[in-house]
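# predicted coordinates and the sequence they were generated for:
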Amino acid sequence: MSQSHASRIRYGGASRVRHGSAAVLTATALLLAGCSNGDSSGEPETDPSAKGTHAGADAPPLKPLPAKIPDDLRPFYDQKLSWHSCGPAEFECATLRVPLDYDKPGDDLKDAAETVGLAVTRTKPQDGKGKPAGGSLHVNPGGPGGSAIEYVQQSAALAYPPQVREHYSLVGMDPRGVGRSEPVACLSDKQMDAYTRVDQTPDDAKETDALTAAYGRFAEGCEKRTGKLLGHVSTTEAARDMDVLRAALGDKKLNYVGASYGTYLGATYAGLFPQRSGRLVLDGAMDPSLSARRVNREQTAGFETAFKAFARDCVAMSDCPLGTDGVKEAGKNLSALLARVDRKPLKTDDPSRTLTESLATTGVIRAMYDEGSWPGLREALTAAKKGDGAPLLALSDDYYERGPDGSYSNIMYANPAVNCIDLPPAFSGAAEARKSVPSFEKASPVFGRGFAWAALNCAEWPVDPTGEPHRIAAKGADPIVVVGTTRDPATPYRWAQGLAGQLTPARLLTYKGDGHTAYLRGSDCVDSAVNAYLVHGKAPKDGTTCG
């Protein structure tokens, strides 16, 4: 498979408010954090409010851009958006033009070859007269690759608290290469089906060659089907696009809620434009100071932590499909089940699709994002033990955003495109990946081997990375609320500590619990703190903890 479990940061909370489809991982080679002593246990720090020094302490700082807008960008900043009704009746949409290359912006907004058209949606003012008191609240569900337009229209506009929806016009813009904004394309649906089945825990040279060849074909497909846009989908460029949109909307500062990868995007904006950063909430935070290898290994540990939480819940039940002899044995039993599926894939409801080990693992990973998915995972594992792979395949399809008609969303293509340009690859080749397997298995005996090989996906990427690990200070910005969940699988809690330790105006808000992200996932304490900040500008005290 190509979209690694460890390389796709699944976006926001999966159950009550779906920040995207189910949750989100780093789809083919993304991130991981680490603490300074190299521990990769994935357990939270002793003091959940501590903002310590992390492994990326020596990373260079992200330098802010000049406050004055350059003359050659003025045509973009001064553009007037043409709004029209779209989707449900309460929304309107427009297209924002931004430079393909900010170093060579040109001055013709109609030049499709040198500009990118970004799709934007917003909620209409409730009184029908003008902008709400708070102006615009931009939201991003994560990914990278999650559609902000779908999230706003299908989730946020319904699930965000009334006081927030009344105070702001909710705005979603699909970043360049994502969703409706000139999406990255890589494979046909049939090719993607084959890609997700490739063995990601190679046992010999033949399987290793098959995996590396699959990564190569995927990269070649992205280059062929996407063209020069593939070299201009970085997070830095997406953050600069947000500033152009801010100006086009007439807002002096950008107010923003970002989940998962959306925290990386939001923090980048604050680092580039601290003087124009308003009320920012970064939920399920990522640490930009870490290398791709550390990101992947630390995320591996995060999923191990989540699995242990699931296993503790499961083994307490007499019908737990992983046994009742404890968490350690549950892990061994899951590994044994996956090994059996590797030897002999299971039948499903679709005669043309069997459940392979890679698909089964993805199904398990999908359920780790949200404790509300645990009962379904128990049922799926029970069915798999009886030879029925259909429930696990359904979980895997949900993760990959594969529709009933066999079509895939753009997220699985946009995700590696962003990841592979944002950071140098975790591994240069198969030999490095193989050498790192033991350290990944130490981080997670259950998932480590597959996550290590999944981190190889950017090695043959056709576009050189333009980013590197860096620290973000955002000195001079308004208070920034960083939210971390202690047993978050996809964005380990220490990442929130790491980001909060870098951001000068950060206020760390901790949720002691399970699942990916915390806002609007059932904690009145977290929700009240975030809502008070968004509506009244009252940021929570740094170190606030919700149980």
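That came through, no problem. As the structure is a computational prediction, the values presented were derived from the model and not from experiment.
# list the contacts of Y102.
73, 237, 240 (CB atoms under 8 Å, 6 or more residues apart in numbering). (C-beta placed from N, C-alpha, C; glycine too.)
# by neighbour count, which of these wins?
Neighbours here mean other CB atoms under 10 Å. Within the contacts of Y102, the largest count is held by E237, at 23 neighbours.
# that one reaches R176, doesn't it?
Yes - with contact defined as CB atoms under 8 Å, E237 reaches R176; the gap is 6.4 Å.
# next one, pLDDT for P88 please.
On pLDDT, P88 comes in at 85.
# just A22 next, same as before
Reading off the model, A22 has pLDDT 29.
# likewise for the one 3 residues further on?
We have a pLDDT of 34 for L25.
# kindly report the same for D58.
88.
# same question, D107
We have a pLDDT of 81 for D107.
# cool, D111 as well?
For D111, the predicted pLDDT is 86.
# now do L32
L32 is given a pLDDT of 25.
# how far off centre is stretch 324-339?
28 Å (CA atoms, centre = their mean, to the nearest Å).
# that stretch: which residues count as buried?
Residues of stretch 324-339 classed as buried by neighbour count (16 or more other CB atoms under 10 Å): 327, 330-334, 337-338.
# and for stretch 483-501?
Buried-residue list, stretch 483-501, by 16+ other CB under 10 Å: 483-501.
# got a markdown table for the buried residues of stretch 324-339, with secondary structure too?
A markdown table is the format used below for these (DSSP: H, G, I helix; E, B strand; the rest coil):
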| residue | secondary structure |
| --- | --- |
| V327 | helix |
| A330 | helix |
| G331 | helix |
| K332 | helix |
| N333 | helix |
| L334 | helix |
| L337 | helix |
| L338 | helix |
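# what packs against the lengthiest helix in the chain?
Assignment by DSSP state H gives helix 292-315 as the longest helix of the chain. Helix 292-315 is packed against helix 327-343, helix 357-367, helix 374-385, helix 430-443, helix 448-454, strand 480-487, with contacts defined by 3 or more CB pairs under 8 Å, 6 or more residues apart in numbering; DSSP states H and E.
# go again using 7 Å as the cut-off
The elements that helix 292-315 packs onto, with contact taken as 3 or more CB pairs under 7 Å, 6 or more residues apart in numbering; DSSP states H and E, are helix 327-343, helix 374-385, helix 430-443, helix 448-454, strand 480-487.
# need those in JSON lines (columns: mean pLDDT).
Below are those laid out as JSON lines (pLDDT from 0 to 100):
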{"stretch": "helix 327-343", "mean pLDDT": "97"}
{"stretch": "helix 374-385", "mean pLDDT": "98"}
{"stretch": "helix 430-443", "mean pLDDT": "97"}
{"stretch": "helix 448-454", "mean pLDDT": "97"}
{"stretch": "strand 480-487", "mean pLDDT": "97"}
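# could you redo the ones you listed as TSV and give each row distance to Y261?
As requested, the helices and strands packed on helix 292-315 are exported to TSV (distance: least, CB to CB, whole Å):
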stretch	distance to Y261
helix 327-343	27
helix 374-385	24
helix 430-443	21
helix 448-454	17
strand 480-487	14
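# number of nearby residues for G515?
Counted with other CB under 10 Å, G515 comes out at 28.
# isn't it right up against W374?
No - between G515 and W374 there is no contact under CB atoms under 7 Å: 10.1 Å.
# that older thread, report the two of the buried residues of stretch 324-339 separated the most.
V327 and L338 (16.8 Å; CB to CB).
# contacts only, for T236.
By CB atoms under 7 Å, 6 or more residues apart in numbering, the residues touching T236 are 268, 467.
# where does the protein dip in pLDDT?
The model of the chain has pLDDT under 70 over residues 1-55, 126-130.
# show me where it has its strands.
Applying DSSP state E to the chain gives strands spanning 9-10, 24-25, 84-85, 91-99, 115-123, 136-140, 169-173, 254-259, 277-283, 480-487, 506-514, 544-546.
# now the fifth one and strand 136-140, what's the angle there?
Inter-element angle recorded for strand 115-123 and strand 136-140: 110 degrees (by axes from the mean of the first three to the mean of the last three CA atoms, to 10 degrees).
# same thing with the fourth one?
Between strand 91-99 and strand 136-140, the angle formed by their directions is 80 degrees, by the same axes, to 10 degrees.
# buried ones in strand 91-99?
91-94, 96-99.
# chain center to it, what's the gap?
23 Å.
# which outside residues touch it?
By CB under 7 Å, 6+ apart, strand 91-99 touches 76, 79, 81-86, 105-106, 109, 115-124, 153, 173, 241, 244-245, 248.
# hmm, T115 is touching L100, no?
Yes - the pair T115 / L100 is scored as a contact, 5.9 Å apart, by CB under 7 Å.
# give me every residue that touches the closest residue to I69 other than its chain neighbours.
Spatially, and ignoring its direct neighbours in sequence, I69 is nearest to Y77 (5.3 Å; CB to CB, 6 or more residues apart in numbering). Residues near Y77 by CB under 7 Å, 6+ apart: 69, 244, 247.
# for Y77, give its distance to R240.
As judged by CB to CB, to the nearest Å, Y77 and R240 stand 11 Å apart.
# overlap in contacts of these two?
What both Y77 and R240 touch, as defined by CB under 7 Å, 6+ apart, is an empty set.
# so what's the residue count around R471?
When neighbours are defined as other CB under 10 Å, R471 has 21 of them.
# for G537, same thing?
The local packing of G537 (other CB under 10 Å) involves 13 other residues.
# now for it: which residues touch it?
So G537 contacts R279 (CB under 7 Å, 6+ apart).
# what segments of the stretch 1-150 of the chain are helices?
For the stretch 1-150 of the chain, the helices defined by DSSP state H, counting those that start in this stretch cover 74-77, 148-151.
# redo those as CSV? Include distance to A430.
Putting the helices of the stretch 1-150 of the chain into CSV (distance: least, CB to CB, whole Å) gives the following:
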stretch, distance to A430
helix 74-77, 43
helix 148-151, 36
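# out of those, which is the most enclosed?
Highest mean neighbour count of the helices of the stretch 1-150 of the chain: helix 148-151, a mean of 27 (counted as mean count of other CB atoms under 10 Å).
# quick one: list the elements packing against that helix.
Checking 3+ CB pairs under 7 Å, 6+ apart, helix 148-151 ends up next to strand 136-140, strand 169-173.
# which residues are contacting stretch 220-235?
100-101, 116, 176-177, 182, 184-187, 264-265, 268, 413, 417-418, 421-422, 462-463, 466-467.
# please save the CA atoms from it in CSV.
As requested, the backbone C-alpha atoms of stretch 220-235 are provided in CSV (Å, rounded to 0.1, in the frame of the first residue of the first chain):
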residue,chain,number,x,y,z
GLU,A,220,5.4,8.7,-11.4
GLY,A,221,1.6,8.8,-11.7
CYS,A,222,1.5,12.0,-9.6
GLU,A,223,4.1,13.7,-11.8
LYS,A,224,2.3,12.7,-15.0
ARG,A,225,-1.2,13.5,-13.9
THR,A,226,-0.5,16.7,-11.9
GLY,A,227,2.2,18.5,-13.7
LYS,A,228,4.1,21.5,-12.4
LEU,A,229,1.5,22.1,-9.6
LEU,A,230,3.2,19.1,-7.8
GLY,A,231,6.1,21.4,-7.0
HIS,A,232,4.0,24.0,-5.5
VAL,A,233,1.7,22.4,-2.9
SER,A,234,3.8,23.1,0.2
THR,A,235,2.4,24.1,3.6
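# thank you, goodbye.
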